[in-house]
Each structure stands twice: as structure tokens, then as C-alpha cells.
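Asker: Build me a structure from this.
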Amino acid sequence: MNEYRESDREAEEGFLAICQEIIQSNVDKYQKQSDQLGAEIKVLYTHYQSDNPELHNTLVIDIAMKEQVDNSLLKNERALEKPYFGRVDYVDKEDKRKYTLYIGKNGVVKDGTEPFIIDWRAPVSSIYYESQVGESFYHVPEQEKRDVTLDRKRTYEIAQRKLIDYYDAEVIANDELLTKYLGKNKEAVLGEIIATIQKEQNDIIRETPYRNMVVQGVAGSGKTTVAMHRISYILYNYADRLSPKEFFVIGSNKMLLNYITGVLPDLDVRGINQMVMEDFFIWLLDKDFKEKSYKVLRKEPGEEEQILGQLQRFKGSLDWLNSIKEYLRRLEKRSIRAEAVLCWDEVVYAEDAIQAFLDNNTRYSIQDKIEMLNKRVLIKVRDYLQIMSAEPGVIRAESKKYKNYFGNRVWKTPILEHYMEFVEDLSKEKKEYSKELDALLLRLSRKELDVYDLAALVYMKHRIKGMEENDEVKHIVIDEAQDFGSFIFGVMREILSRATYTIMGDVSQNINYSSGMNDWEVLKEQIFSPERDFFYVLAKSYRNTIEISEYAQAILKHGSFASYPIEPIIRHGKRPEILCDISEGELLGCCVKKIEEWQREGYETIAVICRDQAESTRVREMLSKQIAVEQTDAEDAAFVTGVMVLPVVLTKGLEFDTVFLWDPTREKYPCNDANVKLLYVAATRALHQLVVATEGELSEILME
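Answerer: Reported below is the predicted structural model:
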């Protein structure tokens, strides 16, 4: 660590030069080691024989070592450009020493062991994010806090290996400093995120991974960024207990998932699992799901509601889970006979004893109970026959009769058949949904499943056939969680009871209005524990200018639902342009003109947002004849710089320098809560400029 020193620009530039020399020395060292290991591995492969265990072990060890060396090489190469972004000067009250610590995106060591630049994830780095000058402290995970006296906090602007400027602040990364960063284009903003993490974000990032967390974050509050940094922090500080392969990041679509996890390698995170929710449940179903036999439905907002009506709201609720549980109770009664077991006309296993066993072992699946009861009755029969002094041959013969007394060892009925039976039974019970349930039954007969059907199959498999407690899943991060109903989370909590969760979302952006989450109360009160688990609110928005934020908040006023207040950071820009007097046939030309203007101004990420996939495809084809447009039709298309034409549903969770909202007419977006949320999502995607343009009558939701 560096001894305390009085800093001025000359001293700061001198330290930066020394730092870069050390990092370059590290780069040279790791490059040499990588080359040597690469050569050794090549030789080993040349002489490789699978039946030579010594050779095999040497190869495995060398490959693992090269991976570690290459990772260190990459971190040091990145650190050359910008070794650090912050500094704290403090006195540690325990050892009475003065320290000056420089903090960077990646830690840098000198001479292989001495910490030189402190990693932002290190416990002591929280001083930079959370403390004011004066008396303070920081927490070491699972240890007592460490008291310090903070004398200085400094933030650096370093670009292309040169010191541009530095700032001392009472509260680091304050609004003035943030405004400086946020005024840049999208790509530049991403590069400064770690330097500008706010205290309320830092609290979430550094919270223990052993308790569940629900975070309500308004549009632009950085909740996705916080979630990714939280993963990085946990894996850095709890590496002895949690590994990357035990982390699952779950999103609502593949574009969003690729976008949010793309930052992870830069945060020194590799090897975590990332899936959309449907694929996560398919993974849990394992052999019970043959993908070629099924069609997974990924519908646009409102599409499923048109088919299933109010049933979709029912399917997204805990009431759906409770109805499945009731069906399973009936199935268990049919499957397991709670009747006295007789042997030679004597009761060897009483009815009340069998019922007590069933009542006291509710956590086991039906199949597990059958196997356990089979073993029990076999023991009881043998014990009785031995008491009766039966011959060994007689005992063996009689025992065979009771081998599978309560049922077979393998459950033969497919889980989908049980789910369809459940829907059939429900149709008779819930007359108000009979038409929609019949439609669902028809769809299931064609093996067409949505995310709620997949979750139901997983739960039924868990309760009927049994699933081993999945030790591969330790921590689950769900982004845009408001898109999923409480049924999804109820199922996950029951089948993955040992896992902990970080749930991120914004109920004002629930685009699946009927089935998704319109408040967090069920999650907070019934699925998680209000006493044990955490609920955070991120109210400050860092994405939009004041002008765009005010316009977006006016959109929310058209809804009948409660929403969380938004506190925009003070950053001004152009007022949103509302162009609703465009002549018929002129909308395309208006859009092209505006995009070209933005490109001349240096904006790199531009979105044209449409109502649905069909409109996006049509608009993309028209625009591509006049300007360069990215091809984003594929479900797993990546977020890229340039012009992207997307349906509003695929923009959620993303942000762009500028947004052109295409033809939001009264006909396409009639005034209702679902469309209020869709248009709120669309309007809040823009960092700097927003244009709303239509040839027809503008939706009243968007009228100023």
C-alpha cells in the first residue's frame, strides 16, 4: 500500500507514471508466462495419451494455470488505459496508521504480492462510495466494522493513459460529477459506471448473498448495472463459498440477457449461467422435456390475454399454485391407499399410522412416499412373519406380495397428462373460466407451452416424481422481474428452497399487465420474509434528462395504478419533440432525417421503437433502403451500436442515446393501464433526445 502523501498535479502525474510502469512490468511478466505455458501445452498435446494419467494430469494443470495467467494478463492490459478512478486518504483507528489507497476497476499488485491498486470490490473500497470526510467505517464481510477517519476522497478522469483532471468531493460521485459523465454518449457512460456508483447502489451491491433481496428501481436507476456489479462483488468476496457456475442470471428475453451480461467479463466474472425464464424451467425439467415435441410460446404483451382473457391473470398468481396443490392432494389420495395393511388376516400397518406418515412428510413427493411406504410395509410384514415363526422360504414368498404394495418404483404417467387433467378438473370447478380453460386445454394438447405452463410442469414434477435438491443453483439474479407473476416466484422458492435471490424490477414497467407484477406486496409478504429479507427502492434516475424524465412521468399519470416517485438527476437537454402533424406518407422521411441529424451530432446508439414485431419488421425494411440499419429480427439478436428498429417489448432494460417513437396513434395505443406502461417504457429508453412522431391521431397517453 502507498504511504500518505500530499498530492498536487505533479505528484499525481508522477504516481500515474509509476503505476503504469508497474502494470507494464506485470503485462510483460504474464505474457511471458502465457507463452511458456502455451508452448508446454502444445508439446503435451503432441504426445498426449489418454491412458497415461500422469500426462493427463500435467495437461489439465497447465491448462488451468494458463487460464489464470491469461486472466491476470487481460486485467493488467485493461488497467494500463485507466489504472484507477478514485483515491481515499484515511487513518485506521485500530493500527493508527495513515493510508492512501488508489481504487481501480481491477486490483494491481507489485512484485507479485504487494497490493498497489485496490480492487473496487475490496471491503475497504466502500469508504470511497459511502463515506463523507470525517469519522467513518467500513465492513469486512462476516466481521466487525473497521473504524477510520477519512481525510480526503478524490476522483480521477484518466483517458488514453493520461491524467485529464481530478476532483475532491465531500460526497464522491455527486450529481455534478455524474452529470459530467452522463452527458457523454452511451458507450462512454458504460465506461464510467464503477467510478460513479452511488451510496444507495453500493448498499445493494455489498449486501450479504445469504439473504434474499427485492429491488424496486425506477427507469434509469441503474438496477441492472447494480445487479451485475453485485455478482462481481459476491464472487470476489465469497470465492471460498460460491463459484460462478452456481450463479444464474435470468432475463425475459435473449437480447436483454446478452446486453446485461455483456459487461460481466469486464467485471472479472466468467462462467456464470444465463438463461431466459422459459429455458430455465426447461433446464429444470431435464429429461421430462423433449424440445422437439413441444413448442414454447414467447408472446408479445397482450397477445396471450386475447386468447386466455382473465385466465392469464389467474395463471400468474399464487391462486394458480394453490389450485395445483389442491389437485396434487387429490392425486396423492388416489395414488396412495391409506388403508390398513393385512398379513395373514392380521393388521401389520394400521390406517391411522399410514395417514400420520403422509401428514408428517409433506415435503416428500408422491413417488418418494410410495417408495418409503413400500420399504416400511415390507419390514413390518417380515417382522410379523418372524414373530409367527414362519419358515425363511415362506417369509420370502409372502414378502414378494408386498414388494410394491403402495405402487411402482417408477412413475409412468407423463407430467403433461397430469397438468391437462388439472386444467380439466379446474374447468368444471371454475365455471367463470371454463371457456378460457378449454382454450388452454386445446393448446396443451398441441404441446404449446408458455412460461407459466413450464413452471407448472416443473412444480408438478417436483411434487409427483421428486427432484433432487439442486445444489448447482446457489444464487439467482432475475432482471425485469415485474414481467413475471407471483406464481413463477412461488414455484422457484419451493423447488429451489436453498437458493437465495436478487430480484430487480420496476412495477411501472410491467409490460405483461395481466400476468406480471403490478406491485411487490405478494413477493415481500408471502414468498419472501419481510423480517429476514431485504426490500430496497432506487428512486433516483440517472438515464434521462430532466426534460425526458418529466415527460415520462406525465405518461404515468394517465394510469390508474400507483407508481414509485422518480428523482431525476439534474441534467438538462432538449425537450422531447412531439410531431403529430406529419402528412400521410411523410413519416419515413421524417425518421430518416432525424436519424441522420443525430448521427452528425455523434450519437452512436439510436432506436426506432415500434408497437410490435410485425411493425418493426416493416419499418426496418423501409428504413434500410435509405440508411444503414442493424438486423435485429432474430430472437437472440445482440445490442449493437448503430440504428436498431425494435418492438417496444424488446427495448425494456436497454437504453439508447436517442429514440424515435414510431407512429404511436390513439388506435394502436388506446388509453389503458397496459398501454401506459408500454409507452412509459418506450419514452424512458432515451439518454439524450426523444422524438415522438405520428401521421395519425396521437395517443392521448402521450399528449403534453
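Asker: Show me the strands in the stretch 401-550 of the chain, by range?
Answerer: Using DSSP state E, counting those that start in this stretch, the strands of the stretch 401-550 of the chain run over 448-449, 475-478, 500-505, 534-538, 540-541.
Asker: Just want the angle from the longest one to strand 534-538.
Answerer: Angle of strand 500-505 versus strand 534-538, following axes from the mean of the first three to the mean of the last three Cα atoms, to 10 degrees, is 30 degrees.
Asker: how about the helices in the stretch 151-300 of the chain?
Answerer: Remark: helices assigned in the stretch 151-300 of the chain by DSSP state H, counting those that start in this stretch are 175-182, 186-191, 199-205, 223-237, 254-261, 277-285.
Asker: Over to the stretch 501-650 of the chain?
Answerer: 521-522, 546-556, 587-600, 613-624, 648-651.
Asker: one step back: okay if I get the helices of the stretch 151-300 of the chain as TSV plus distance to Leu679?
Answerer: From N, CA and C alone the C-beta is placed, and that goes for glycine too. Below are the helices of the stretch 151-300 of the chain laid out as TSV (distance: least, Cβ to Cβ, whole Å):
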stretch	distance to Leu679
helix 175-182	23
helix 186-191	22
helix 199-205	27
helix 223-237	20
helix 254-261	19
helix 277-285	24
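Asker: which helices and strands does the helix or strand containing Asn322 pack with?
Answerer: Using DSSP states H and E, the element containing Asn322 is helix 318-335. Other helices and strands packing on helix 318-335, by 3 or more Cβ pairs under 8 Å, 6 or more residues apart in numbering; DSSP states H and E, are helix 366-387, helix 415-429, helix 451-464, helix 486-495.
Asker: how about a cut-off of 10 Å?
Answerer: helix 311-315, helix 366-387, helix 415-429, helix 451-464, helix 486-495 (3 or more Cβ pairs under 10 Å, 6 or more residues apart in numbering; DSSP states H and E).
Asker: any chance of the ones you listed in a markdown table, plus mean pLDDT and distance to Asp8?
Answerer: Formatted as a markdown table, the helices and strands packed on helix 318-335 follow (pLDDT from 0 to 100; distance: least, Cβ to Cβ, whole Å):
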| stretch | mean pLDDT | distance to Asp8 |
| --- | --- | --- |
| helix 311-315 | 90 | 64 |
| helix 366-387 | 94 | 71 |
| helix 415-429 | 95 | 71 |
| helix 451-464 | 95 | 59 |
| helix 486-495 | 96 | 54 |
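Asker: what's the closest of the ones you listed to Val643?
Answerer: helix 451-464 (30.8 Å; Cβ to Cβ).
Asker: Next, the angle from that closest one to helix 366-387.
Answerer: Using the same axes, to 10 degrees: helix 451-464 against helix 366-387 is 10 degrees.
Asker: hang on, the earlier thing: which one of the helices and strands packed on helix 318-335 lies closest to Leu579?
Answerer: Taking those one by one with Cβ to Cβ, helix 311-315 is closest: 35.3 Å.
Asker: and the helix holding Asn322, how far from the chain's centre?
Answerer: Centroid displacement of helix 318-335 relative to its chain, using Cα atoms, centre = their mean, to the nearest Å, is 30 Å.
Asker: need the next SSE after that helix, C-terminal direction.
Answerer: strand 341-343.
Asker: Can you give the strand pairings for the next helix or strand after that next one, parallel or anti for each?
Answerer: Counting by DSSP H and E, the element after strand 341-343 in chain order, helix or strand, is strand 346-349. Looking at strand 346-349 with DSSP bridges, its partner strands are strand 341-343 (antiparallel).
Asker: And the average pLDDT for the partner strand is what?
Answerer: The pLDDT scores in strand 341-343 average 94.
Asker: And the contacts of that strand?
Answerer: With Cβ atoms under 10 Å, 6 or more residues apart in numbering as the test, strand 341-343 has contacts from 347-351, 353-354, 373, 376-377, 380-385, 388, 390, 398-399, 401-402, 405-406.
Asker: middle-most residue in the protein, spatially?
Answerer: Ile478 (3.1 Å; Cα atoms, centre = their mean).
Asker: and that residue, what does it touch?
Answerer: So Ile478 contacts 214, 227, 248-252, 277, 280, 484, 488-489, 492, 501-505 (Cβ under 10 Å, 6+ apart).
Asker: One more pass at 7 Å, please.
Answerer: 250, 501, 503-504 (Cβ atoms under 7 Å, 6 or more residues apart in numbering).
Asker: What helix or strand is Ser399 located in?
Answerer: helix 392-401.
Asker: should've said Ile118
Answerer: Assigned by DSSP H and E, Ile118 falls in strand 114-119.
Asker: Toward the C-terminus, what is the element adjacent to that strand?
Answerer: helix 126-130.
Asker: What residues sit buried inside the helix holding Ser399?
Answerer: 395, 398-399 (16 or more other Cβ atoms under 10 Å).
Asker: Run through the stretch 501-650 of the chain and note the low-pLDDT ranges.
Answerer: 634-636 (pLDDT under 70).
Asker: Quick check: end-to-end length of stretch 127-144?
Answerer: End-to-end distance of stretch 127-144 (Cα to Cα, to the nearest Å): 15 Å.
Asker: And Gln689, its phi and psi?
Answerer: Torsion angles at Gln689 (phi, psi; degrees, to the nearest 10) stand at phi -140, psi 140.
Asker: that older thread, wait, which of the strands of the stretch 401-550 of the chain is closest to Pro244?
Answerer: Of the strands of the stretch 401-550 of the chain, nearest to Pro244 by Cβ to Cβ is strand 475-478, at 10.4 Å.
Asker: which of the helices of the stretch 151-300 of the chain has the lowest average pLDDT?
Answerer: When I compare those, helix 186-191 is least confident, with a mean of 46.
Asker: and Lys162, how many residues sit next to it?
Answerer: For Lys162, the neighbour count with other Cβ atoms under 10 Å is 10.
Asker: Local confidence estimate at it?
Answerer: At Lys162, pLDDT is 92.
Asker: Could you point out the longest strand of the chain?
Answerer: When the chain is parsed with DSSP state E, its longest strand is strand 145-159.
Asker: for it, which positions count as buried?
Answerer: Neighbour-count burial for strand 145-159 flags 146, 148, 150, 153-158 (criterion: 16+ other Cβ under 10 Å).
Asker: and Tyr210, what is it in contact with?
Answerer: Thr500.
Asker: For Phe357, see how far away it is.
Answerer: Distance, Tyr210 to Phe357, by Cβ to Cβ, to the nearest Å: 33 Å.
Asker: Which parts of the stretch 1-150 of the chain are strands?
Answerer: So, for the stretch 1-150 of the chain - with DSSP E, counting those that start in this stretch - the strands run 86-92, 98-104, 108-110, 114-119, 134-139, 145-159.
Asker: returning to what we had before: and which of the buried residues of strand 145-159 is nearest Asp268?
Answerer: Nearest member of these to Asp268, counting by Cβ to Cβ, is Ile158, at 19.3 Å.
Asker: Surely that closest one touches Ala79?
Answerer: No. Ile158 is beyond contact range of Ala79, at 10.6 Å (criterion: Cβ atoms under 7 Å).
Asker: And the longest helix that the chain contains, how far out from the chain middle?
Answerer: Secondary structure of the chain per DSSP state H: the longest helix is helix 9-46. On the basis of Cα atoms, centre = their mean, the separation between the geometric centre of helix 9-46 and that of its chain is 34 Å.
Asker: Show me which parts of that helix are buried, residue by residue.
Answerer: 12, 15-16, 19, 22-23, 26-27, 30, 33-34, 37, 40-41, 44.
Asker: Mind picking the lowest-pLDDT entry from the residues you listed?
Answerer: Lowest pLDDT among those: Leu44, 83.
Asker: hmm, back to that, and the average pLDDT for the longest strand of the chain is what?
Answerer: Mean predicted lDDT for strand 145-159 stands at 91.
Asker: That strand - which strands sit beside it in the sheet, and in what orientation?
Answerer: Strand pairing for strand 145-159, using DSSP bridges, gives strand 86-92 (antiparallel), strand 134-139 (antiparallel), strand 162-168 (antiparallel).
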